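Novice: heads up, no residue letters with this:
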């Protein structure tokens, strides 16, 4: 359980690592402070309006990555 609120700094760090490791194609900060992310070149962009939503997105993506890696290892 979290004891501190989610921040954009934390979410940006996660998004940057996921992009560097090739799990996200594109991450950009919008003019209104939102983050727009794309999984791949041809995928639809997702707009994350709040750091909590961004961390939920990261959690889902990490869970999917782990699932794929477990299936590939079988």
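Specialist: Everything's here; your move. Worth saying up front: this structure is predicted, and the values here are computed from it rather than measured. Numbering: from 1, shown residues only.

Novice: which elements pack onto the helix or strand hosting residue 47?
Specialist: Using DSSP states H and E, residue 47 sits in strand 46-48. Helices and strands touching strand 46-48, by 3 or more CB pairs under 8 Å, 6 or more residues apart in numbering; DSSP states H and E, are strand 35-38, helix 51-72. Placement of C-beta: from N, CA and C, glycine included.

Novice: most packed of the ones you listed?
Specialist: strand 35-38 (a mean of 18; mean count of other CB atoms under 10 Å).

Novice: what's the distance between the residue most central in space within the chain and residue 34?
Specialist: Geometric centre of the chain, nearest residue: residue 58, 3.7 Å, by CA atoms, centre = their mean. As judged by CB to CB, to the nearest Å, residue 58 and residue 34 stand 15 Å apart.

Novice: residue 45 too?
Specialist: 11 Å.
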